[in-house]
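Asker: Structure of the sequence below:
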Amino acid sequence: MSRRVSANTSSMMSSASGSGPTQSLRDIVQESLSNVLQASTAQLPNDKWIVLVVDPQSLRVISSSIGMYNLMEHHVSIVEDLMKKRAPFRDQAVLYLVEPNEESVDRIVADWTPNKATLKQGPLYGNTVFLYFLGRLPDALFGKIKACKELVKRVKILQEVNLDFLTKDAQAFHFDMGRSPSIYPELYLSKYQTANNISPKQEQMVQKLVTLCATLNEYPHVRYPDENELCKNLAFVFQQKMNEFVGSNSSWWYNGDGLHPNSDRATLLFMDRRDDCLSPLMHEFTYEAMVNDLLTIEDDRITYNSINAGTAKEGTTDEKTTKMDALLNDNDEVWMELRGMHIADVIKVLSTRIRDIVDSNTGSALNKAAKGKDGKALSVNQMAKALKALPEYREIMSKLSQHMQIAHQCMDAFTKQRLLDLSDLEQTLATGKTEDNDVPKLKEILGQVVNEFRQQPDSSMRLRLLAITIVSQRGLESQDYLDKLLNEARLTKGELKALKNLEKLGCPLVRAPQSGTKGRLGKMRGTKVSAYHPDAIESSNEYANSRYVCVLKAIMDKAAKGNLSVDEFPSVMPLPDAEGMLAPSSLSKAKSVRRVTSSSSKWAGSSSTNSQGSKKKGHGGRQIIFMAGGMCYSELRAAREVMADTNMEIVVGSNRFIKPLDFLIDCKNLSQGEA
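Answerer: Coordinates of the predicted model:
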């Protein structure tokens, strides 16, 4: 058996800025997986099928990109779990697609190690074996495979495919790391770090990032925040690992290598959740953020209550409901269009679309045809029956109705949790100004916080508001203020741990006295609410409860335009001439258009967000942003907006995408190992 060879992805994508459209990250992963299956089945007779054996990680890679239903097109007869007892398919070839870890390799070897059962009946599968690993296979594990003679003589392909990550959407990825157990102790507690200042989990993240860049054909310039030690360590280890990959794969090419004249070299920017602990806590009212914050959704799958029209008893309005599942991903065009919009706009758009269909020529004809002698219009039930006669209408109405009901569930949670007033308070704390552009006194705002505590029955909501208050103000003015708020917040022991652990993320609960703040100016600073990030991009959103903009957006905007300070964000290796890093000044920009409204209501106006996240042809190398510690949904939306506004391709990712509760649980887990 020949030594392992990394997959060459040069045929899988066009250059980042060459002629023709650039493939999205998800497109590239789908094509990579298809190539793996085609390369294997090409070695079999036309009528032969293959068994696909996966471990938990590779199953999630497949599910997040190509989908299980597409596998049959590649002659996959069945998908089996490597970790479970499996039925024999001795007349079929087997393709193993697994993560390169000891448990998976041991189980593969066990499948081909002779025992009493195999000596009598033979091995589980036929005499053709294909071995694919999501990332680099360590030498020790490769040695285990070589030592299994029964396996070696059957192996036709052994290859690393560089797909050790999951696609969140067309331009986003994650590693599914940190949910259980939490990754925060290994990220932020020094006792987990090894001699090279990096923990095993951190090294695993870096190795996965190498597979991402290998798949994208990117050998990026690596940058990091100057004062962030975690990002610096990750950046230098990544550079080392990436250099090793390039050195051991002579046939692999990358954008900007001089052989592809229409391509530019990418930039990878490491970021740290500690540098913005406010954004993952804030309530956000775009559709995608609300679904993930207020409803129960797992791996893009949501269960919602579908209202059965016409089932209410006479004299009542209580309709029966049926629990339905929906996948909110790139395959849902309505979701793709609406996910970045403010929830008020979502409901407005859905209502208009449904009304347009009912009022269309075909709908009007149906309406007239269904009228009785009394000339009455269609009832809801009659309309439903009429639409069943038109498959194209039934499909689109079903999809619009699905999203209308999910959006209304978001609004039900919004109303139940009294988020309208709460969000106004959060926005004032985060931006340092009211919706009328006034800077209020801190004592007044803390009084409003106390009032919210007294009206809020959910202690996790009280914890969230208290965390927003502390983080947004960079710590409270005095221990006395903190004690009073803690007394009113009535937190559980676990919630109190989560709050106190904010200090381990660089967020003091009480501000340390600063020199140079004596006199009237210092007194004023202590009595007024201050903005969390004074240099943040000003929101173009007309909604008063969406004024805050995440810190990452300004950084991505500067990076995309070539204006990111080299002093503040240095590079591991010297950057090329600064002029070459700048985006062309003639770069066309899809500027958002703000609709002027006469109302200053929290629900007035409209977001001009580009919600499609659609791929535009870039004028420079890819910008890859990696957030260690979890990326929140406002940052994911911000990346789509910057990409739309600057015409630059941006790929964002993290160890995982987090909801507000996820972040607070991670904070709590920083007490791991403590008494």
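Asker: which residues sit in contact with the closest residue to residue 642 other than its chain neighbours?
Answerer: Nearest in space to residue 642, with sequence neighbours left out and distances taken as C-beta to C-beta, 6 or more residues apart in numbering, is residue 556 at 4.6 Å. All C-beta atoms are positioned from the backbone trio N, CA, C, and that covers glycine. Going by C-beta atoms under 8 Å, 6 or more residues apart in numbering, residue 556 touches 623, 625, 638, 639, 642, 650.
Asker: So residue 556 belongs to a strand, correct?
Answerer: No - under DSSP: H, G, I helix; E, B strand; the rest coil, residue 556 sits outside any strand and is assigned helix.
Asker: any idea how far it lies from residue 537?
Answerer: 10 Å (C-beta to C-beta, to the nearest Å).
Asker: Then residue 132?
Answerer: Distance of residue 132 to residue 537, given as C-beta to C-beta: 43 Å.
Asker: Have a look at the two and say which one is more surrounded.
Answerer: Between residue 132 and residue 537, residue 132 has the larger neighbour count (other C-beta atoms under 10 Å), namely 22 against 18.
Asker: what's around the nearest residue to that one once chain neighbours are set aside, how many residues?
Answerer: Using C-beta to C-beta, 6+ apart and skipping the chain neighbours, the partner closest in space to residue 132 is residue 97 (4.7 Å). The number of residues packed near residue 97 is 27, by other C-beta under 10 Å.
Asker: so residue 97 is in which element?
Answerer: Using DSSP states H and E, residue 97 falls within strand 93-98.
Asker: For the helix or strand following that strand, which helices and strands make contact with it?
Answerer: Under the assignment DSSP H and E, the closest C-terminal helix or strand after strand 93-98 is helix 102-111. Judged by 3 or more C-beta pairs under 8 Å, 6 or more residues apart in numbering; DSSP states H and E, the packing partners of helix 102-111 are strand 93-98, helix 139-147, helix 149-152.
Asker: wait, which of the ones you listed is closest to residue 243?
Answerer: helix 139-147 (17.9 Å; C-beta to C-beta).
Asker: average pLDDT across that closest one?
Answerer: Mean per-residue pLDDT for helix 139-147: 96.
Asker: same check, this time on stretch 424-435
Answerer: Here the mean pLDDT over stretch 424-435 is 94, rounded to a whole number.
Asker: same deal with stretch 50-58?
Answerer: 96.
Asker: how far does it stretch from start to finish?
Answerer: Length of stretch 50-58, first residue to last, C-alpha to C-alpha, to the nearest Å: 17 Å.
Asker: And for that stretch, what's in contact with it?
Answerer: Contacts with stretch 50-58, where a contact means C-beta under 8 Å, 6+ apart, come from 37, 40-41, 44, 62, 71, 74-83, 86, 89, 92-99, 103-104, 107, 125, 130, 134, 164, 176.
Asker: The residue nearest to residue 496 when sequence neighbours are not counted is in what secondary structure piece?
Answerer: Nearest-residue entry for residue 496: residue 486, 7.6 Å, with adjacent residues in sequence omitted and distances by C-beta to C-beta, 6+ apart. Here residue 486, judged by DSSP H and E, is contained in helix 479-489.
Asker: going on from the worst-scoring helix or strand of the chain on mean pLDDT, what's the next piece of helix or strand?
Answerer: Using mean pLDDT, DSSP states H and E, helix 578-581 stands out as the lowest-scoring helix or strand of the chain, at a mean of 45. Using DSSP H and E, the helix or strand that follows helix 578-581 in sequence is strand 623-628.
Asker: So what touches that next one?
Answerer: By C-beta under 8 Å, 6+ apart, strand 623-628 touches 187, 202, 205, 209, 212-213, 216, 218, 220, 230-231, 234, 266-273, 552, 556, 559-560, 635, 639, 648-655.
Asker: sorry, back to before: and the residue nearest to residue 642, how far from residue 262?
Answerer: Relative to residue 262, and taking C-beta to C-beta, residue 556 is found at 24 Å.
Asker: try residue 46
Answerer: For residue 46 relative to residue 262 (C-beta to C-beta), the value is 39 Å.
Asker: In terms of neighbours, single out the busier of these two.
Answerer: residue 262 (12 against 7).
Asker: Just the local confidence number for that one, please.
Answerer: On the pLDDT scale, residue 262 is placed at 70.
Asker: how near is residue 152 to residue 127?
Answerer: Residue 152 is 12 Å from residue 127, by C-beta to C-beta.
Asker: how long is stretch 512-528 from one end to the other?
Answerer: Stretch 512-528: ends 17 Å apart by C-alpha to C-alpha.
Asker: could you dump the helix holding residue 486 to CSV, C-alpha only?
Answerer: The C-alpha coordinates for helix 479-489 follow below in CSV (Å, rounded to 0.1, in the frame of the first residue of the first chain):
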residue,chain,number,x,y,z
GLN,A,479,-18.8,47.3,44.1
ASP,A,480,-21.8,48.9,45.7
TYR,A,481,-23.6,49.1,42.3
LEU,A,482,-22.7,45.5,41.6
ASP,A,483,-24.0,44.3,45.0
LYS,A,484,-27.3,46.1,44.5
LEU,A,485,-27.8,44.7,41.0
LEU,A,486,-26.9,41.1,42.2
ASN,A,487,-29.4,41.4,45.0
GLU,A,488,-32.2,42.4,42.5
ALA,A,489,-31.1,39.8,39.9
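Asker: just checking, next helix/strand downstream of the helix ranked longest in the chain?
Answerer: Identified as the longest helix of the chain according to DSSP state H is helix 391-416. Moving toward the C-terminus from helix 391-416, the first helix or strand encountered (DSSP H and E) is helix 419-431.
Asker: Could you pull up the mean pLDDT of whatever helix or strand comes next after that next one?
Answerer: Next along the chain after helix 419-431, taking DSSP H and E as the criterion, comes helix 442-455. On average, the pLDDT along helix 442-455 is 96.
Asker: From the contact counts, what lies against helix 442-455?
Answerer: Against helix 442-455 (3+ C-beta pairs under 8 Å, 6+ apart) you get helix 419-431, helix 459-472, helix 479-489, helix 519-527.
Asker: Those into a markdown table, with extra columns for distance to residue 353 and mean neighbour count?
Answerer: Shown next, in a markdown table, are the helices and strands packed on helix 442-455 (distance: least, C-beta to C-beta, whole Å; neighbours: other C-beta atoms under 10 Å):
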| stretch | distance to residue 353 | mean neighbour count |
| --- | --- | --- |
| helix 419-431 | 26 | 22 |
| helix 459-472 | 34 | 23 |
| helix 479-489 | 43 | 15 |
| helix 519-527 | 50 | 11 |
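Asker: As TSV, the ones you listed with distance to residue 398 would be great.
Answerer: Converted to TSV, these look like this (distance: least, C-beta to C-beta, whole Å):
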stretch	distance to residue 398
helix 419-431	29
helix 459-472	34
helix 479-489	44
helix 519-527	56
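Asker: between those, which gets nearest to residue 668?
Answerer: helix 459-472 (9.7 Å).
Asker: chain center to the closest one, what's the gap?
Answerer: Counting by C-alpha atoms, centre = their mean, to the nearest Å, helix 459-472 is centred 23 Å from the centre of its parent chain.
Asker: I'd like the helices and strands packed on helix 102-111 as CSV, with distance to residue 241 appended.
Answerer: Compiled in CSV, these are given as follows (distance: least, C-beta to C-beta, whole Å):
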stretch, distance to residue 241
strand 93-98, 21
helix 139-147, 15
helix 149-152, 28
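Asker: Deepest in the core, which of those is it.
Answerer: When those are scored by mean count of other C-beta atoms under 10 Å, the highest mean neighbour count falls to strand 93-98 (a mean of 25).
Asker: residues in contact with that one?
Answerer: 36-37, 40, 44, 48, 50-55, 57-58, 62, 76, 82, 104-105, 108, 124-134, 161.
Asker: Now it: average pLDDT?
Answerer: Along strand 93-98, the predicted local confidence has a mean pLDDT of 97.
Asker: Kindly export that strand (C-alpha atoms) in PDB.
Answerer: Provided in PDB are the C-alpha atoms of strand 93-98 (Å, rounded to 0.1, in the frame of the first residue of the first chain):
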ATOM      1  CA  ALA A  93     -17.200  -2.900  -1.800                       C
ATOM      2  CA  VAL A  94     -16.800  -0.600   1.200                       C
ATOM      3  CA  LEU A  95     -15.800   3.100   1.400                       C
ATOM      4  CA  TYR A  96     -14.700   4.400   4.800                       C
ATOM      5  CA  LEU A  97     -15.000   8.200   5.200                       C
ATOM      6  CA  VAL A  98     -13.800   9.000   8.700                       C
END
